[in-house]
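Student: The amino acid sequence is not available; the structure is as follows:
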Ligand SMILES: Cc1cc2nc3c(=O)[nH]c(=O)nc-3n(C[C@H](O)[C@H](O)[C@H](O)COP(=O)(O)OP(=O)(O)OC[C@H]3O[C@@H](n4cnc5c(N)ncnc54)[C@H](O)[C@@H]3O)c2cc1C
Ligand code: FES
Ligand code: FES
């Protein structure tokens, strides 16, 4: 297996890893960087569990070749909280029950994060559209909406929370 | 499940990409967003030695509009960019609409318009894992000799399952192709071969660089109707794209494109001659519907039956006509 | 609910934080030094004799550490004592496409995949069976030699006298229903990591709902005493029953680890998950029901043929549930059930959310709707006419102690606007009602023994915290949180003080697992008992210190309080320390076994169905049918679920909504599609689990009937609401456009076809004039 040295910029940290160019970003994150918060639900770009942010845009790491993204800034679920301080979205998923088994949760939080970064006051309809590529098998989605709406409210009532998290 | 191994090259310019293609010939494969290529590689449907990643061709992702020259979209523009572009939405709404129905939001952030126009054809006997295909003795399109859809025949009926091609055919789009001999332009209608295996007129050493929509089509009303089971993620099972220009209740121009029913996206040419100069009548609608179902020939390539897909072609064409004519009539 | 402080609240799950930060560890996230990748060779044939397997080339490939075949581990197993018909790898025959034939452990996934390609298997193809009715006619080439005519099991139950019952009926219907298979599609694909320690002990981490059964099975297959096998359940990314029996990869990983002498991890690819299946079976249901003019049901008769796939699995239990719960939520005196669990050359079915009850409930509640229309009674009312009057024992000897169903019906009727809508919405729109119910755990264990179904230990720590040691398996349903809440409630502690060690067979006592919605009822009761015992141990020490009687002591707000006017009290921390100083260690045990009275009848098959308590659900679905496309859109769902008592309102609502949503998937878009032995849609792209865009809001009402034996009155919440949505939607479609669908899913194509047939009939009747 021919390996190449490639760069990845994940959660603000630069990494250099030796991997075959056929390796997906999902595999590189999980196996080489040991960032296992990004999940593999289908390995076939249909479920959304492997969603990461690439320069702030949600994408599916199971169909991305890691070697194709040396210049991108990648955010995984491990990079969402500020230290101990959960992001309002993470807090919302705790408080409103959006995470049952938790397997879809990282992908949905990241997709929602990208949505709120662009549109801080989405309607439920807009939320549904935005996360429609992320399947959840546990919740029926209702509590996921509530979790995201918790964050929306929190971000609105405490504007600084956007920058600093806040509990 | 890991993929077969290959080398990855990331050219920064079209010429550089062309050089790679020239050097590696049949062993090279282009990848843009990768949303079609990567799952296919994993299923063992292709085994290139070299994958040429086009994402570095930054100058191919722009979207511009000019009243004279019309719309120009770089092949690397993402479907999200196309669907959300103010220019596209304003002047060619049917394209924005069609692009906005592709797959899911996350996939549209990755998938490109060029990739969407060069998509591999799809079939329930083909888009399966290696193990699965082995269990059914493979198929004509890959590794086998029999087409399970039409076992008697010698043709592959894998279906064109891209959404935007219907809209772009209706909009009379052209494409620009770069190759060893320079750049050429081609009407999109001439790009497709209606063959499940060899789907497009794109030479081994060529790259689709730009999509061009004539200025004359700007402002046409348009609509795209898509059949699918899930309202997100799913490929089309049938799709009807219609654009019309109506003045004072009289049709001045009309074009209708179909996807996901034949091995190629198709323009139903009769629609133009049927409608131009006419006023809306139920009889006329039925004539269009007849033309559509004469052209769209779904087979058992997907989870939905051909009968139902054909029926939806009827319903969608009727609805599309009603919708556009009524909207225009009120102006 | 002022009487409780922790119970009843919307408390975040105790493991929520690790799930939202990505820190939580699921099996596939684990890595051990020297760990190998395991991969399985599957049979491409639905039914084939295996003459020989030559793995020499594969074994010689660089990077391959071990190759195993069925001959290496021939001990048979199966979740039911009556169904030990599986081996981890096929021994003489492969019985479905995807059956497990050989396995390799390699240093890399690539090497493993390459090696599989080099294993040569000499197959002799055998005739295969795919049709549940046809398979019973087979005279030879039976799937298992000891199951003549491919009948795994059949049951015939007759309670009361159906002939007499039908004779009293004013309206009788006989209908044929068909439900294709559906499957769990838990988001986390199954994964197992196995490691044999230097001392020969096997440790297995697995995505399982049943660590204890896994431990038993591994001990049996590997010939190790139980104490030489340790099973640990990390976080599990959803189960829904798909991880509630031993899945081949669990045994294969263990066998490979032993053969390789190194840790081996196998994680199924998504298509392997589909081949592993163990989901809801294909069922063919012939149902006959009679009612009097006043709506009273006089008799019910069902013939159910269940296509169970190639191995026994939970199959007979599934079938028995279909029969036992058929009529048990209503007062029905005459009931007959003939059930056949047959074998076909497809992946084995098993337990899936609503286990066994779902398809029959669809048939029953649909037919009840038809009969309501036949005798001119409102569909809600016909259900009210047939209510049980608990406490009571049903005709098939199920004991009903609490029964919130009437209240559920009343509430959904009011909240959904039933009166204003039923029969009154414009053509194309309609409402439908239906009910369902489910067990709160099986009263009889799978392996009958005197052992309690759950045992819990609670240990007091000197820092004033307590630790629960529980075998119960959290799979996303919130059972860890439930146990913490109950213990905190009983001990008057803040939940923060309650820690939990769960599902590790070395460290935690036996719990039978997370299936049949048993954990809240059983582990919950055991927790309460253990907490009470802990309290009394601590009280006895404190009482001695204060020289008072222990029954004068009480816990209040994290303090031990003397109940007189002395004002004496002591913090829990101090009390715990005091008790530990005195006793060395303070551990209390609680356990739960269902009472004798709940264990049901004595007839053959009576063991399945009895439960200490049943949950109930009523639902109203509101739909729009597009008569040109046949597309049904479910606009709104109102559900009321009787969970006894909501220990955590948020968790209960989440469970109810998840159940309804999953049922809705089966109702409108989920189905396993087959071409002979080939599953045509083994992917998340083609198996249509609903996205947000097909998922309506679910208006959720919780009804609390407070069960006399449930932990603080609680019953199950995670399954009982799944079934009702399917008939509710079918009934709503009927209300909307007058067509009746008797097979799931209600695809646009089926609806359109039914509409066309109806139009044809109307046209014939009216001589051509129709809308
Ligand atoms: C779950 C799922 C659902 C999907 N649903 C839909 C759907 O509903 N509708 C739909 O239309 N598509 C769908 N797709 C397919 C795909 O996402 C889109 O068609 C997308 O636009 C493809 O673009 P891409 O850039 O990712 O293509 P790639 O995968 O990069 O390439 C696709 C093909 O085009 C070739 N190619 C790409 N760019 C060029 C170029 N510039 N010049 C020459 N050849 C090129 C590649 O070699 C390859 O053969 C779906 C995919 C998935 C995984
Ligand atoms: S794992 Fe990438 S979409 Fe499912
Ligand atoms: S919480 Fe389990 S899949 Fe979404």
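Tutor: Great, that's in hand. Keep in mind that what you see is a predicted model, and the values were worked out from it rather than measured. Ligands and ions are numbered 1, 2, ... in the order given.

Student: All the strands of the stretch 101-250 of chain C, residue numbers only.
Tutor: Taking DSSP state E, counting those that start in this stretch, the strands of the stretch 101-250 of chain C run over residues C:120-125, C:151-159, C:171-179, C:191-196, C:202-206, C:229-232.

Student: Can you say which of the ones you listed is nearest to residue B:116?
Tutor: Nearest of those to residue B:116, taken as Cβ to Cβ: strand C:191-196 at 34.6 Å. Glycine gets a C-beta too; all of them are placed from N, C-alpha and C.

Student: Next one, pLDDT for the residue lying farthest from the centre of chain B please.
Tutor: What lies farthest from the middle of chain B is residue B:248; by Cα atoms, centre = their mean that is 32.4 Å. pLDDT recorded at residue B:248 is 91.

Student: How about residue A:60?
Tutor: In this model, residue A:60 carries a pLDDT of 98.

Student: Which residue, other than its chain neighbours, is closest to it?
Tutor: residue A:45 (5.0 Å; Cβ to Cβ, 6 or more residues apart in numbering or on different chains).

Student: mind putting the strands of the stretch 101-250 of chain C in CSV, distance to residue C:762 and mean pLDDT included?
Tutor: Shown next, in CSV, are the strands of the stretch 101-250 of chain C (distance: least, Cβ to Cβ, whole Å; pLDDT from 0 to 100):
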stretch, distance to residue C:762, mean pLDDT
strand C:120-125, 50, 98
strand C:151-159, 41, 97
strand C:171-179, 21, 98
strand C:191-196, 55, 98
strand C:202-206, 57, 98
strand C:229-232, 61, 98
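
Student: Return the most buried member of those strands.
Tutor: strand C:191-196 (a mean of 26; mean count of other Cβ atoms under 10 Å in any protein chain shown).

Student: Give me the phi and psi angles of the residue farthest from the centre of chain B.
Tutor: phi 50, psi 40 (degrees, to the nearest 10).

Student: how close does it sit to residue B:220?
Tutor: Distance of residue B:248 to residue B:220, computed by Cβ to Cβ, to the nearest Å: 16 Å.

Student: Span of stretch C:423-433 from start to end?
Tutor: Taking Cα to Cα, to the nearest Å as the measure, stretch C:423-433 stretches 12 Å from start to finish.

Student: actually stretch C:205-217, not the one I typed
Tutor: End-to-end for stretch C:205-217, by Cα to Cα: 14 Å.

Student: ok so, going back, of all the strands of the stretch 101-250 of chain C, which one comes closest to ligand 3?
Tutor: Of all those, strand C:191-196 sits nearest to ligand 3, with 15.1 Å by Cβ to the nearest ligand atom.

Student: Tell me the secondary structure of the spatially closest residue to residue C:96 that is not a sequence neighbour, please.
Tutor: Leaving aside its chain neighbours, residue C:96 sits nearest to residue C:310 (4.6 Å; criterion: Cβ to Cβ, 6+ apart). Look at residue C:310: counting by DSSP: H, G, I helix; E, B strand; the rest coil, its state is coil.

Student: which ones are touching residue C:310?
Tutor: Counting by Cβ atoms under 8 Å, 6 or more residues apart in numbering or on different chains, residue C:310 touches C:95-96, C:99, C:143, C:343-348.

Student: Let's have those in JSON lines, adding secondary structure, pLDDT and distance to residue B:49.
Tutor: Output for the contacts of residue C:310, formatted as JSON lines (DSSP: H, G, I helix; E, B strand; the rest coil; pLDDT from 0 to 100; distance: Cβ to Cβ, whole Å):
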{"residue": "C:95", "secondary structure": "coil", "pLDDT": "98", "distance to residue B:49": "40"}
{"residue": "C:96", "secondary structure": "coil", "pLDDT": "98", "distance to residue B:49": "37"}
{"residue": "C:99", "secondary structure": "coil", "pLDDT": "98", "distance to residue B:49": "35"}
{"residue": "C:143", "secondary structure": "coil", "pLDDT": "98", "distance to residue B:49": "45"}
{"residue": "C:343", "secondary structure": "coil", "pLDDT": "98", "distance to residue B:49": "47"}
{"residue": "C:344", "secondary structure": "coil", "pLDDT": "98", "distance to residue B:49": "44"}
{"residue": "C:345", "secondary structure": "coil", "pLDDT": "98", "distance to residue B:49": "40"}
{"residue": "C:346", "secondary structure": "coil", "pLDDT": "98", "distance to residue B:49": "39"}
{"residue": "C:347", "secondary structure": "coil", "pLDDT": "98", "distance to residue B:49": "37"}
{"residue": "C:348", "secondary structure": "coil", "pLDDT": "97", "distance to residue B:49": "42"}
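
Student: Would you mind putting the strands of the stretch 101-250 of chain C into JSON lines with distance to ligand 1 alongside?
Tutor: Output for the strands of the stretch 101-250 of chain C, formatted as JSON lines (distance: least, Cβ to the nearest ligand atom, whole Å):
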{"stretch": "strand C:120-125", "distance to ligand 1": "33"}
{"stretch": "strand C:151-159", "distance to ligand 1": "37"}
{"stretch": "strand C:171-179", "distance to ligand 1": "27"}
{"stretch": "strand C:191-196", "distance to ligand 1": "23"}
{"stretch": "strand C:202-206", "distance to ligand 1": "29"}
{"stretch": "strand C:229-232", "distance to ligand 1": "34"}
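
Student: before we move on, the earlier item: among the contacts of residue C:310, find me the one that's closest to ligand 2.
Tutor: Of the contacts of residue C:310, the one sitting nearest to ligand 2 (Cβ to the nearest ligand atom) turns out to be residue C:347, at 21.7 Å.

Student: got the residues of chain C near chain B?
Tutor: Counting by Cβ under 8 Å from any Cβ of the partner chain, the positions of chain C adjacent to chain B are C:42, C:44-45, C:97, C:108-110, C:113, C:269, C:271, C:628-629, C:669, C:673, C:675, C:677-678, C:680-682, C:685-686, C:688, C:690-694, C:747-749, C:752.

Student: So which of those would count as near ligand 1 as well?
Tutor: residue C:685 (Cβ under 6 Å from any ligand atom).

Student: Can you flag the buried ones in the residues of chain C next to chain B?
Tutor: C:42, C:44-45, C:97, C:109-110, C:113, C:269, C:271, C:628-629, C:669, C:677-678, C:680-682, C:685-686, C:688, C:690-694, C:747-749, C:752 (16 or more other Cβ atoms under 10 Å in any protein chain shown).

Student: ok now do whatever residue of the stretch 651-771 of chain C ends up closest to chain B, which residues does it touch?
Tutor: For the stretch 651-771 of chain C, the residue closest to chain B is residue C:693, as judged by Cβ to the nearest Cβ, at 3.7 Å. Shown here is residue C:693, whose contacts under the criterion Cβ under 8 Å, 6+ apart are A:128-129, A:132, B:230-232.

Student: Would you mind splitting chain A into its domains for me?
Tutor: A:4-79, A:88-161 (automatic domain parsing).

Student: Quick check, pLDDT for residue C:381.
Tutor: pLDDT, residue C:381: 98.

Student: Now do the strands in chain B.
Tutor: Counting by DSSP state E, chain B has these strands, from start to end: B:7-9, B:28-31, B:50-53, B:63-66, B:70-74, B:174-179, B:182-187, B:207-213, B:221-227, B:238-247, B:250-259, B:266-267.

Student: Parallel or antiparallel, which strands does the second one pair with?
Tutor: It stands for strand B:28-31. Paired with strand B:28-31 in the same sheet, following DSSP bridges, are strand B:50-53 (parallel).

Student: quick one, what contacts the spatially most central residue of chain A?
Tutor: For chain A, the residue nearest the mean C-alpha position is residue A:110 (2.9 Å; Cα atoms, centre = their mean). Taking Cβ under 8 Å, 6+ apart, we find residue A:110 in contact with A:51-53, A:58, A:75-77, A:80.

Student: Please identify the helix or strand for the residue located most distally from the centre of chain C.
Tutor: In chain C, residue C:566 marks the outermost C-alpha relative to the chain mean, sitting 52.2 Å out by Cα atoms, centre = their mean. According to DSSP states H and E, residue C:566 maps onto no helix or strand at all.

Student: Which stretches in chain A count as helices?
Tutor: Secondary structure of chain A (DSSP state H): helices located at A:25-27, A:88-95, A:105-118, A:124-130, A:142-157, A:161-164.
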